[in-house]
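In: here is my input, please return the structure:
(one chain, ligands or ions: 1)
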Amino acid sequence: MPQRSHPNNIPVGISACVLGESVRYNGGHKQSRLCTEVLGEVFAFRPFCPEVAIGLGVPRPSIRLVGDAAHPRVVGSDDASLDVTEPLRHYSDATARSLAELCGYIFIKNSPSCGLFRVKVYNDDTSNPSFGYPLAESGRGVFAAAVVKNNPLLPVEEEGRLQDPQLRENFILRVFALHDWRQAVAQEPTAKALIDFHSRYKYTLMAHSQKGYRLLGQLVANSQAKTPAALCDEYLPLFMAALAKPATRKNHCNTLLHILGYLKRTVAGGIRQDLVEVIDRYRQGVVPLAVPVTLIKHYVDRYGNDYIRCQVYLDPYPLELGLHNQI
Ligand code: SF4
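Out: All right, here's what the predicted structure looks like:
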């Protein structure tokens, strides 16, 4: 069965300790085998360690977020006179502005620099009985916050959350899609390039967000009055937001049935009925998504027209990643 040729060098940022670099405050690392052994085959990782970059050294005193969760300061966990807020912010802002070529970023949880979600922020008000305890509100690591702020369309995740099959699949899908956009449209934005791109992602969008699918369809259909650059500026945020919505089992089934409709004239009714039953087994959770997608792709490749054969939905990333086997 022919496969789309997928890139194997997509630039993705990553916390250096996740790649196994011994840069943690205690001289250790947090190597992720998923990242080094699986994703390393398709991503060209660019590691960053903000704390080493600002000269804190290894080993070093541990640091933590304190004060206002929205604008925390970063101080030593044991000695609050060690205040690295300014150098860390300065490095983070400058570096985050230089990451435009990245198609994704993998952070690590709990770090005052690299934590993306729910990083503890401690009360630093000495007059408060809760002094030294975590606040009710959590925050985001200073470097992670700068990356997100300066690159709002960049797919970002924490390494730990990538152990969840749905989150992993969704993150990798968005990384491949953003890379595809950069290659197919952004390098030379034309109306044709955008229409071709949108056409290839029609069923991917349908599986992830009916609303996004409709909005983007209207945007492309009513594009005549806009310049290609303006249209692309409007399209990409909506596209990335639509893909960030997890595709439900129900939407996958709906999408697969739509695709099956393209085989009405070329594949015998009995075979199509078998495929409907396989989709139904996926709907019931008896088989993973890989089963209906692989079978339908088999028939689409042989009996589908060019339009349906080009759908990214049936082949969004390398099969070897096994992502459809786990959802
Ligand atoms: S600053 Fe980030 S990359 Fe460096 S050790 Fe901490 S979590 Fe890892």
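In: show me where the stretch 201-327 of the chain has strands.
Out: All residues of the stretch 201-327 of the chain lie outside strands when identified by DSSP state E, counting those that start in this stretch.
In: near the ligand, which residues of the stretch 1-150 of the chain? Just list them.
Out: Contact residues, the stretch 1-150 of the chain versus the ligand (CB under 6 Å from any ligand atom): 15-17, 23-24, 49-51, 108, 111, 113-114. (Glycine included, C-beta is placed from N, CA and C.)
In: among these, name the ones in helices.
Out: Among these, the residues falling in helices (DSSP state H) are 50-51.
In: between the residues of the stretch 1-150 of the chain next to the ligand, which is nearest K30?
Out: Distance to K30, by CB to CB, is smallest for C17 among those, at 4.5 Å.
In: how near is that closest one to L178?
Out: 25 Å (CB to CB, to the nearest Å).
In: next one: S22
Out: 31 Å.
In: neighbours of Y133, how many?
Out: Number of residues near Y133 (other CB atoms under 10 Å) recorded here: 11.
In: ok, it touching N123?
Out: Yes: counting by CB atoms under 8 Å, Y133 does reach N123; the two are 5.5 Å apart.
In: quick revisit: so S22 and L178 - more neighbours on which side?
Out: More crowded of S22 and L178, by other CB under 10 Å: L178, with 22 against 13.
In: on the three-state scheme, the more buried one is what?
Out: Secondary structure for L178, judged by DSSP: H, G, I helix; E, B strand; the rest coil, is helix.
In: just use 48 as the starting number from now, easier for me
Out: Fine by me, first position is 48 from now on; the one you just mentioned is L225.
In: show me the contacts for it.
Out: Shown in contact with L225 (CB atoms under 8 Å, 6 or more residues apart in numbering): 150-151, 200-202, 287.
In: got a quick PyMOL command for the buried subset of these?
Out: The following PyMOL line selects those of those that are buried, judged by 16 or more other CB atoms under 10 Å:
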select buried, resi 150+151+201+202+287
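In: from the contacts of L225, which land in helices?
Out: Among the contacts of L225, DSSP H puts M287 in helices.
In: ok, so of the contacts of L225, who is nearest the ligand?
Out: G151 (15.9 Å; CB to the nearest ligand atom).
In: so who does that closest one touch?
Out: 57, 59-60, 90, 201-204, 218, 221-222, 225.
In: so which of the residues you listed comes closest to V333?
Out: Distance to V333 across the contacts of G151 (CB to CB) is lowest for F218, with 26.2 Å.
In: that closest one belongs to a helix?
Out: Yes: assessed with three-state DSSP, F218 lies in a helix.
In: and it, how many neighbours?
Out: Neighbours around F218, by other CB under 10 Å: 23.
In: wait, what's in contact with the spatially closest residue to it that is not a sequence neighbour?
Out: Nearest non-adjacent residue to F218, counting by CB to CB, 6 or more residues apart in numbering: E204, 4.5 Å away. Residues near E204 by CB under 8 Å, 6+ apart: 151-154, 163, 214, 218.
In: buried subset of those residues as a ChimeraX selection?
Out: To isolate the buried subset of the contacts of E204 in ChimeraX, counting by 16+ other CB under 10 Å, use the following:
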select :151,152,153,154,163,218
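In: for the contacts of E204, which two are the farthest from each other?
Out: Using CB to CB, the contacts of E204 reach their maximum pairwise distance at Y152 and L214, which is 14.3 Å.
In: pLDDT wise, what is the residue nearest to F218 at?
Out: Note on E204: pLDDT of 98.
In: can you tell me the helix or strand for it?
Out: Element membership of E204, judged by DSSP states H and E, is strand 203-205.
In: ok, now R111?
Out: strand 110-113.
In: after that strand, next one along is what?
Out: Following strand 110-113 in sequence, per DSSP H and E, is strand 120-123.
In: quick one: residues contacting N55.
Out: Taking CB under 8 Å, 6+ apart, one finds 88-89, 365 in contact with N55.
In: so which residue of this protein lies furthest out from the middle?
Out: Centroid-distance maximum for the chain: S174 at 42.3 Å, with CA atoms, centre = their mean.
In: can you give me phi and psi for it?
Out: Phi and psi for S174, reported as degrees, to the nearest 10, are phi -90, psi -10.
In: how far away is it from D126?
Out: 20 Å.
In: show me the contact partners of stretch 120-127.
Out: 108-114, 128-132, 135, 159-160, 171, 189.
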